[in-house]
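give me a 3D structure for the following:
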Amino acid sequence: MALGVRKEHKKHEEEKTIDISTGMQGSLAFKDPVNLNINGPFSGSLDTRGTLSIGQTAQVEANITGDNIIVAGKVTGDITAHRMLVLMPTAVVKGNISTPKLNIVEGAIFHGNCQMMEGLLNLDEVAKYLEIDMQEIEVLANSGKIPATRNGNSWKFERMKIDTWAASGKVS
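This is a model prediction of the structure:
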């Protein structure tokens, strides 16, 4: 039991938090999980791991990709949340969203299309998710070395199977 507590504590210690309260422009991409809080104007693109929180005073013009995303401010752009997307009562989102889990709290405003992913990734998404070249992922899929399903001319990957495969150490 004590070992489990230590692992949790160590994991908590390793988490990084970044607060952005001033105006920013550009592309932000994180390989490691971070808790990113945006509370001011931002334009560009965001590719995060961990939790992204867009505060009530934030005005974001960006396409956003991340694990867990919480929006309380204004976002113009497409949002892809790999795990969960939450739109708080003060959120205003103008763009398409894609996520396996969605929570829209009463009062939030959403203009766009929504796709519930059911944990499926396409070739490009799994390449970004695993940080492996897209062509290499396709070679692995064609050879049956990565769990994938052919869907017409494209490949589909179940996130849970990809996570298990990656955890097994088969990722090169």
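
residues making contact with stretch 25-38?
The contact list for stretch 25-38, computed with Cβ atoms under 8 Å, 6 or more residues apart in numbering, reads 15-20, 42-55, 58, 60, 67, 73, 131. Just so you know, the C-beta spots here come from the backbone N, C-alpha and C atoms, and that holds for glycine as well.

before we move on, what about stretch 153-171?
The set of residues that contact stretch 153-171 without belonging to it, under Cβ under 8 Å, 6+ apart, is 82, 100, 117, 119-123, 125-126, 129-130, 132, 137-138, 141, 145-150.

relative to residue 106, how far out is the nearest residue to residue 122 once chain neighbours are set aside?
Nearest non-adjacent residue to residue 122, counting by Cβ to Cβ, 6 or more residues apart in numbering: residue 154, 6.3 Å away. Residue 154 sits 37 Å away from residue 106, taking Cβ to Cβ, to the nearest Å as the criterion.

who has more neighbours out of these two?
More neighbours surround residue 154 than the other of residue 154 and residue 106, with 13 against 5 (other Cβ atoms under 10 Å).

show me what the more buried one bridges to in the sheet.
Beta-bridge partners recorded for residue 154 (DSSP bridges): residue 151.

ok, it to residue 125 distance?
Applying Cβ to Cβ, the value for residue 154 to residue 125 is 11 Å.

what do those two both touch?
Any residue near both residue 154 and residue 125 by Cβ under 8 Å, 6+ apart counts here, and not one turns up.

just the buried residues from the contacts of stretch 153-171, in ChimeraX please.
Selection of the buried residues among those in ChimeraX, burial being defined by 16 or more other Cβ atoms under 10 Å:
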select :82,100,117,119,120,121,123,125,126,129,130,132,137,138,141,146,148
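
okay, domains of this protein per the record?
Domain segmentation of the chain under automatic domain parsing yields 2-116, 120-167.

and stretch 16-27, end to end?
End-to-end distance for stretch 16-27: 19 Å, by Cα to Cα, to the nearest Å.

report the buried residues of it.
Neighbour counts over stretch 16-27 (16+ other Cβ under 10 Å) mark residue 20 as buried.

show me what contacts the residue positioned nearest the centre of the chain?
The centre of the chain sits closest to residue 66, judged by Cα atoms, centre = their mean, with a distance of 1.9 Å. If you count contacts by Cβ under 8 Å, 6+ apart, residue 66 has them with 46-52, 80-82.

need the buried ones from the contacts of stretch 25-38 selected in PyMOL.
This is the PyMOL syntax for the buried subset of the contacts of stretch 25-38, where burial follows 16+ other Cβ under 10 Å:
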select buried, resi 20+42+46+47+48+49+50+51+52+53+54+55+58+60+73
